[in-house]
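[1] sequence and predicted structure, then a few things I'm wondering about:
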Amino acid sequence: MDPELINDCVHCGFCLPTCPTYVLWGEEMDSPRGRIHLMDQHVKGTPVTPEMAGHFDACLGCMACVTACPSGVRYDRLIEQTRAVVEREHERDPRERAVRGLVFSLFPYPRRLRLLRPGMRLAERLAPFLERVHPSLGAMAGLAPPAPRRQRMPRVVRARGARRAVVGMLTGCVQGEFFPQVNAATARVLALEGCDVVIPPGQGCCGALSVHSGRADQARRLARRTVRTFRRAGVDTVVVNAAGCGSSMKEYGELLGEEPGFRVLDLSEFLAELGPVAERHPLPLTVAYHDACHLAHAQGVRAQPRELLRGIPGLELREVPDAAICCGSAGTYNIFQPEAARELGDRKARSVGSTGAELLVSANPGCTMQIVAAMRRGGADIRVAHTAEVLDASLRGVSL
Amino acid sequence: MLDTLIEALRGVLPVEWVITDPVRLRTYECDGLTYHRATPGVVVLPETAEQVARVVGLCNEFAVPFVARGSGTGLSGGALPREDGVLIVTSRMRRILEVDLPNRRAVVEPGVTNLAITEAVRDQGYYYAPDPSSQQICSIGGNVAENSGGAHCLKYGFTVNHIEACEIVTPDGDLVTLDRMDPGYDLLGAFVGSEGTLGIATKITVRLSRAPQAVTTVLAAFESIEQGGKAVSAIIGAGIVPAAIEMMDALAIEAAEAAVACAYPAGAGAVLIVELDGPAVEVERQFERLREICSDAFELRVAADPAERAAIWKGRKSAFAAVGRISPAYIVQDGVVPRTSLPRVLAEIDRLSAAYDIRVANVFHAGDGNLHPLVLFDDAEPGAGERAEAVSGAILDLCIEHGGSITGEHGVGVDKAKYMPKMFSEADLDTMQLVRCAFDPRGLSNPGKVFPTPRLCGEVPGVRKGVHPLVESGRAEQF
């Protein structure tokens, strides 16, 4: 934890109302200002106590505080450094260690995730049992989406019409295994807008889950492999359709100590920059757009997805109240902190429900799973789609 | 003593809301003013007025001092805890209990943020008028304690003008309601702004205001602060009462620019933000007058829509924290001078700044002469902190000299208690003490704030027997 970064905090408290855990519990230690104070205590010699570790673990890493901070405190850097210290210095209880071990040896590896797929339906039925073994296992089972058919992606998807750009595309781990239709839609949208889409085979996890959980070594290993893969593919732009992946890939320079040699853009950011050319067919739909934290707060991408959605004739866009507050998914948060995640999910579900929209659009697979699970708990189902799927339907003139 | 009290507190509140872990306690060691720190003996986070009353009752039983805290954003150390005391934090009491639009009132708990009240009624065309820069997080309970102001208080008045009633827990633990409409002494008036020394507000009835029909926000850029100051006097002199007149000098603009990229006109020595509101025809006429008065401005920008208005305000409202971008450390000062003395006082602040080699950024509610000089220093440089303190103190002396006040809206707290004797005579302070004693005869409610020396009341029958422990330990004297 860098004391210089800690000193940037002037204790003004502007971050408090944007912090999901402060919104839930209203106590100083579970606010960004309070956590920075705890970091300061540690830097000045207080060892990491279980209480301290608990408050750091409870942080979702949503970065809403970074958006809110007038003093420019790099809380994102601070919490990453802190999580690494907690991993090193804090002895977790054995059951917790086992669950964390399971998650980190599973999620970043698409092949292992694939093995889970046949068991997904079973997981739903086993949820009450798993819940008793460990709340985190119960949470995982409760979130599992129905496993769709696998879709093999081609290595290259050629541009339709005149070629305007050549881009690489990240297929991701959770996105690729549980939401393959989103990747297919992304590739089609890019191609229809005149891009050659290069999809290198054998891609793995970008390292986002690890970097956000203080597992710096695993993160660096996965990041290096991702960099190698795309360098070999020879692209200078990599388009990412998952918010969490995009935000950590944009910080590869800081993580690896050298620039990756290609720029990373979120799909909506890239499409807005490229400008629309393909014809948009009408989609008569009311849509609520959900700001994924790692898109809105970490990457500052808020206007572009809205602009793209508003560009579809017939589509009515509705804003979700308290949009800046996290839905509780936050990477692995809903697995490790199921109770807080559940409460935040319920809040978000109520906000989304209040818009009366037919379709919820989000740009992060984690958020989608979280909000759908919460809405179902509340007895209000809503259809969900990724921004790419909505655009894809409009470009191809099919219904969603 | 504290240990027994803590046991008793656990009988009143769920254990998780009685905080005793030293690492956790330390996160409450200061409010928005980090210069003064003290780790509280115990922190409690009650959820109901009854719980607050029972906690205060226990403090009385054990003769332990208590301090109330809302969001911890105060800038005078008003919520500085006591190491031997209880810190009662109201941040979990944040329900809006009732909105009564026909009577233009809302009843809220003290932990509700200032802005949350406005957000709850904005769609119906109402708002809560006082708007401190920290309105997104400061609590209404804290606003009541400090009689908080804000940019728009020039036209609409301070917190005290917008509170209809308060349910309070008195320092001896009773739940009492003070209402504006009560005949007799204006106890509500005495309570608002009492900085936690007369009790803790547990339910607050605020007045809601109708959103004005028209709002025009103007940003005027001047080459020098003198030109800006002259414009302020001219605006008020012309009989215009804008909702707000705010001024920032070049250094403050630089900070805001670095923090929020507010894009104020380049090269400005001072900017003036003037907001006119009211019926559309009136605003229009006032704007025409304003344009003539601001003829010295090299750029006059008018917000075309709410987004542009928010952009203009963003620079001003972030200014305090934004200064963190251009200086490692700083002191936010708060003083008042008569509007007509503004140019002279500013010139003297300039002189002080040069004499001590300490930069001062000026942000102020120019309309009512409320200065917020930001005294910048590098805490790593030996002696810089002391020099900054000296400048900061000298600015307050200037305010008193010119017939102003040592605080406009941040309160006295612990930070300015020592300046009170410069403003008030012994007899004045004694009189204030008598008021305090009427509410808090045992001196348990936020002791050590506002007054330079803690004093105790004369004998109050039936309340205290024997010598008070504070007197015995030499920390207080009896009068």
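    Thanks, I have it.

[2] quick check, central residue of chain B?
    residue B:410 (3.4 Å; Cα atoms, centre = their mean).

[3] and what about that one, helix, strand or coil?
    On the three-state scheme (DSSP: H, G, I helix; E, B strand; the rest coil), residue B:410 is labelled coil.

[4] from residue B:133, how far out is it?
    Distance of residue B:410 to residue B:133, given as Cβ to Cβ, to the nearest Å: 11 Å. Glycine gets a C-beta too; all of them are placed from N, C-alpha and C.

[5] likewise residue A:90?
    In this view, residue A:90 and residue B:133 are 38 Å apart by Cβ to Cβ.

[6] who has more neighbours out of these two?
    Neighbour count, other Cβ atoms under 10 Å in any protein chain shown: between residue A:90 and residue B:133, residue B:133 has more, with 25 against 17.

[7] which intervals of chain B have sub-threshold pLDDT?
    Residue ranges of chain B with pLDDT under 70: B:454-479.

[8] would you mind listing what in it touches chain A?
    B:19, B:21, B:23-24, B:26-32, B:34, B:45, B:71-73, B:89, B:91-92, B:94, B:111, B:113, B:115, B:134, B:136-138, B:258-260, B:318, B:320-322, B:324-325, B:328, B:330 (Cβ under 8 Å from any Cβ of the partner chain).

[9] out of these, which sit inside strands?
    B:19, B:89, B:330 (DSSP state E).

[10] where does the closest residue in space to the last one that isn't next to it in sequence sit: helix, strand or coil?
    Spelled out, that is residue B:330. Distances taken as Cβ to Cβ, 6 or more residues apart in numbering or on different chains place residue B:376 nearest to residue B:330, at 4.7 Å, with adjacent residues excluded. Under three-state DSSP, the three-state class of residue B:376 is strand.

[11] residues contacting residue B:376?
    Contact analysis of residue B:376 by Cβ atoms under 8 Å, 6 or more residues apart in numbering or on different chains lists B:251, B:323, B:326, B:327, B:329, B:330, B:358, B:359, B:360, B:361, B:388.

[12] now do whatever helix or strand the last one lives in: which elements does it pack against?
    Looking back up the chat, that one is residue B:388. For residue B:388, the enclosing helix or strand under DSSP states H and E is helix B:384-401. Helix B:384-401 sits against strand B:329-332, strand B:335-336, helix B:342-356, strand B:370-377, helix B:420-423, with contacts defined as 3 or more Cβ pairs under 8 Å, 6 or more residues apart in numbering or on different chains; DSSP states H and E.

[13] what's in contact with it?
    B:329-331, B:333, B:335-337, B:345, B:348-349, B:352-353, B:356-358, B:360, B:371, B:373, B:375-379, B:405-406, B:416, B:419, B:422-423.

[14] buried sites along that helix?
    Residues of helix B:384-401 classed as buried: B:384-385, B:387-389, B:391-396, B:398-400 (neighbour count, 16 or more other Cβ atoms under 10 Å in any protein chain shown).

[15] the bottom helix or strand of chain A by mean pLDDT?
    Taking mean pLDDT, DSSP states H and E as the measure, chain A has helix A:120-133 as its least confident helix or strand, at a mean of 67.

[16] quick one on the thing from earlier: let's see which of the contacts of residue B:376 end up in helices.
    Under the assignment DSSP state H, the contacts of residue B:376 contribute B:251, B:388 to helices.

[17] closest one of the contacts of residue B:376 to residue A:196?
    Closest approach between the contacts of residue B:376 and residue A:196, by Cβ to Cβ: residue B:326, at 46.7 Å.

[18] could you say which helix or strand contains the residue nearest to residue A:333 when sequence neighbours are not counted?
    Using Cβ to Cβ, 6+ apart and skipping residues adjacent in sequence, the residue nearest residue A:333 is residue A:60, 5.1 Å away. Using DSSP H and E, residue A:60 sits within no helix or strand.

[19] and residue A:60, how close does it get to chain B?
    Separation of residue A:60 from chain B (Cβ to the nearest Cβ, to the nearest Å): 18 Å.

[20] quick one, what contacts that residue?
    A:20, A:21, A:293, A:326, A:328, A:330, A:333, A:337, A:344.

[21] try 6 Å
    Residues counted as contacts of residue A:60 (Cβ atoms under 6 Å, 6 or more residues apart in numbering or on different chains) are A:20, A:326, A:330, A:333.

[22] now it: phi and psi?
    Main-chain dihedrals, residue A:60, degrees, to the nearest 10: phi -80, psi -20.

[23] and the residue of the stretch 101-250 of chain B closest to chain A?
    residue B:137 (4.9 Å; Cβ to the nearest Cβ).

[24] what about the helices in the stretch 151-300 of chain A?
    With DSSP state H, counting those that start in this stretch, the ranges of helices along the stretch 151-300 of chain A come out as A:174-178, A:180-192, A:208-211, A:216-233, A:243-249, A:252-256, A:267-274, A:293-296.

[25] convert the C-alpha atoms of the fifth one to PDB, please.
    The C-alpha atoms that make up helix A:243-249 are tabulated as PDB, following Å, rounded to 0.1, in the frame of the first residue of the first chain:
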ATOM      1  CA  ALA A 243     -16.500  -4.800 -18.700                       C
ATOM      2  CA  GLY A 244     -14.300  -6.500 -16.000                       C
ATOM      3  CA  CYS A 245     -11.900  -7.900 -18.600                       C
ATOM      4  CA  GLY A 246     -11.700  -4.600 -20.500                       C
ATOM      5  CA  SER A 247     -10.900  -2.600 -17.400                       C
ATOM      6  CA  SER A 248      -8.000  -4.900 -16.300                       C
ATOM      7  CA  MET A 249      -6.700  -5.300 -19.900                       C
END
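
[26] what's the spacing between it and its chain's center?
    7 Å (Cα atoms, centre = their mean, to the nearest Å).

[27] can you pull out the low-pLDDT segments for the stretch 1-150 of chain A?
    Under the criterion pLDDT under 70, the flagged ranges of the stretch 1-150 of chain A are A:110, A:113, A:116-133, A:137-138, A:140-150.

[28] show me what from it comes close to chain B.
    Proximity of the stretch 1-150 of chain A to chain B, by Cβ under 6 Å from any Cβ of the partner chain, involves residues A:10-14, A:16-17, A:26, A:28-29, A:34, A:37, A:49, A:51-52, A:70-72.

[29] distance of residue B:62 relative to chain A?
    Plainly put, residue B:62 is 24 Å away from chain A if you go by Cβ to the nearest Cβ.

[30] so that residue touches residue B:5, yeah?
    Yes - using Cβ atoms under 6 Å, residue B:62 makes contact with residue B:5 at a distance of 4.5 Å.

[31] distance check, residue B:379 against residue B:34.
    Distance of residue B:379 to residue B:34, computed by Cβ to Cβ: 11 Å.

[32] repeat for residue B:44
    Using Cβ to Cβ, residue B:44 is found at 23 Å from residue B:34.

[33] same check, this time on residue A:4
    Separation of residue A:4 from residue B:34 (Cβ to Cβ): 17 Å.

[34] who's more crowded, those two?
    For residue A:4 versus residue B:34, neighbours defined as other Cβ under 10 Å are more numerous around residue B:34 (15 against 8).

[35] isn't that one up against residue A:10?
    No - between residue B:34 and residue A:10 there is no contact under Cβ under 6 Å: 7.5 Å.

[36] and residue B:62 and residue B:5? which has more neighbours close in?
    Neighbours were counted for residue B:62 and for residue B:5 using other Cβ under 10 Å; residue B:5 has more, 20 against 16.

[37] and that one, what element?
    Using DSSP H and E, residue B:5 falls in helix B:2-12.

[38] okay, that helix in PDB with CA atoms only?
    Taking Å, rounded to 0.1, in the frame of the first residue of the first chain, the C-alpha atoms of helix B:2-12 are listed here in PDB:
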ATOM      1  CA  LEU B   2     -16.300   2.800  30.400                       C
ATOM      2  CA  ASP B   3     -16.100  -1.000  30.500                       C
ATOM      3  CA  THR B   4     -19.200  -1.300  32.600                       C
ATOM      4  CA  LEU B   5     -20.900   1.200  30.300                       C
ATOM      5  CA  ILE B   6     -20.000  -0.800  27.300                       C
ATOM      6  CA  GLU B   7     -21.600  -3.900  28.800                       C
ATOM      7  CA  ALA B   8     -24.800  -1.900  29.400                       C
ATOM      8  CA  LEU B   9     -24.700  -0.500  25.800                       C
ATOM      9  CA  ARG B  10     -24.700  -4.100  24.500                       C
ATOM     10  CA  GLY B  11     -28.000  -4.500  26.300                       C
ATOM     11  CA  VAL B  12     -29.500  -1.500  24.400                       C
END
